[in-house]
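Visitor: Fold the following, please.
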Amino acid sequence: MFWRRVAHLFFIVAVVTVLGGTYPAAASTASAQASKGSVDLTISTGCCWSDYTVHFRGPISDHGWSYSGTLTGVGTTSVWTATMDETPILSMTSDDGTVSGNCAGNTVGTDEVAQAADIANVTEAPAVTEIGGEVSTAAIEMDFGCVLSRNGGTPWQISLHSTITQDTSAGATWTGSYAETDVATPQVNVKGALTYGDVQLGWFSPSGALQYGPLRFSGQIAIGATLYRGDLVSDLNNPVTALPGGYVPPLAVSGSSNGVNVSGTCNAVYNAAALYDLVCTLAVDSAAPVTVSLQPTYVTSIRGQSYRDGWGDDAGYFVSG
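Guide: This is a model prediction of the structure:
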């Protein structure tokens, strides 16, 4: 599986029909190494389908919340596309039901692109191209990119790096440890800037169609005379089969923080110098809507594939456009 840096968000349209990879997220503000524990990955193969099950046992900290327990992910793909190099889309649930979301995992060292500094010196993982075939018992480095939410809060991207070794007594099961590899968002609040923060945009491709969302902002945005500090989040839009000019369709966003309610829409506008801007029309409480231009920089990405269904999430930061 290939690991790719995000050069242009609209490349999503071209990659939703192929297998994808994950990146260690850079946009999360969770404390580095706050999430670490044990992990196991099991692959069960039948006549036509391969089922993947992963367990993270230990603390997970992500976007203002912390959870300690077992987080379980399950995913299925066809035996013809199943490999150890990447997992299908893993639907995640905690043992108490409070945490949910998606993850996708890829072995490290399967791409020509240099890895992030914190994992640049790991030993390249042995390639395992067939489930059930001869498998090396050497340690495998695997990164899991996840978007998780707790108790219905804002979904947020997190990256967990794992080192796993096959448990020969348990068949197709690999066990080991995980640790968070997120790094802090670049400081963009320079020269008195009022609008800056983290931005993330997900997408889902069910059987060839395409849905964008959720779009998530976390930081502060100047909306007219109001400085809104908090989250703005959208749902997924309706599935589409083609996007005029490759643009992201308008996404309805809303949020509430410190008694201030914001709602509106955001859509992408092409910018030759910076690829594209996000132009939002936002209203504070019952005030008239205000146009707010935002310049996003996407630096990390998750890609997952389960047979015909694709899923991904791009993360970075934004400033005033």
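Visitor: Residue 310 and residue 195, how far apart?
Guide: For residue 310, the distance to residue 195 (Cβ to Cβ, to the nearest Å) stands at 32 Å. (Glycine included, C-beta is placed from N, CA and C.)
Visitor: Residue 77 now?
Guide: Using Cβ to Cβ, we find residue 77 at a distance of 41 Å from residue 195.
Visitor: one step back: out of residue 310 and residue 195, which sits in the busier spot?
Guide: residue 310 (25 against 22; other Cβ atoms under 10 Å).
Visitor: so what's residue 34 closest to, chain neighbours aside?
Guide: residue 61 (3.9 Å; Cβ to Cβ, 6 or more residues apart in numbering).
Visitor: Which strand or helix spans the one you found?
Guide: Assigned by DSSP states H and E, residue 61 belongs to strand 49-62.
Visitor: Quick one: name whatever helix or strand follows that strand.
Guide: strand 65-78.
Visitor: quick one, domains of this structure?
Guide: 28-180, 196-320 (automatic domain parsing).
Visitor: mean pLDDT for those: which is lowest?
Guide: Mean pLDDT across those is lowest at domain 28-180; the value there is a mean of 80.
Visitor: hang on, the earlier thing: in the sheet, who's paired with the residue nearest to residue 34?
Guide: Beta-bridge pairing of residue 61, defined through DSSP bridges, involves residue 66.
Visitor: Burial check on it, number of neighbours?
Guide: Using other Cβ under 10 Å, residue 61 has 20 neighbouring residues.
Visitor: thought it was touching residue 37?
Guide: No: between residue 61 and residue 37 there is no contact under Cβ atoms under 8 Å: 11.4 Å.
Visitor: Relative to residue 191, how far out is the residue nearest to residue 34?
Guide: Taken as Cβ to Cβ, the span from residue 61 to residue 191 is 31 Å.
Visitor: Okay, and the beta partners of residue 177?
Guide: Bridge pairing for residue 177 - DSSP bridges - gives residue 38, residue 163.
Visitor: actually residue 316, sorry about that
Guide: residue 199, residue 298.
Visitor: Number the chain from 507, please
Guide: Let's use 507 as the start, then, which means that last one is residue 822.
Visitor: for residue 652, what are its contacts?
Guide: 598, 607-610, 663-666, 808 (Cβ atoms under 8 Å, 6 or more residues apart in numbering).
Visitor: The closest residue to residue 818 other than its chain neighbours is in what secondary structure piece?
Guide: Spatial nearest neighbour of residue 818, excluding adjacent residues (Cβ to Cβ, 6+ apart): residue 809 at 4.8 Å. Element membership for residue 809 (DSSP H and E) is strand 796-812.
Visitor: Now do that strand and strand 571-584, the angle between them.
Guide: Relative orientation of strand 796-812 versus strand 571-584 (axes from the mean of the first three to the mean of the last three Cα atoms, to 10 degrees): 50 degrees.
Visitor: Who are the packing partners of strand 796-812?
Guide: When contacts are defined as 3 or more Cβ pairs under 8 Å, 6 or more residues apart in numbering; DSSP states H and E, strand 796-812 packs onto strand 571-584, strand 605-613, strand 646-656, strand 662-672, strand 702-711, strand 717-729, strand 781-790, strand 815-826.
Visitor: so the shortest one versus strand 662-672, what angle?
Guide: For the pair strand 605-613 and strand 662-672, the angle between their directions (the same axes, to 10 degrees) equals 50 degrees.
Visitor: which other helices and strands contact strand 605-613?
Guide: Secondary-structure packing of strand 605-613 (3+ Cβ pairs under 8 Å, 6+ apart): strand 555-568, strand 571-584, strand 596-600, strand 646-656, strand 796-812.
Visitor: Ok, the fifth one next?
Guide: Of the remaining helices and strands, those touching strand 702-711 by 3+ Cβ pairs under 8 Å, 6+ apart are strand 717-729, strand 796-812, strand 815-826.
Visitor: Adjacent strands (with direction) for the helix or strand following the first one?
Guide: Once strand 717-729 ends, the next helix or strand along the chain (criterion: DSSP H and E) is strand 732-740. With DSSP bridges as the criterion, the sheet partners recorded for strand 732-740 are strand 717-729 (antiparallel), strand 757-763 (antiparallel).
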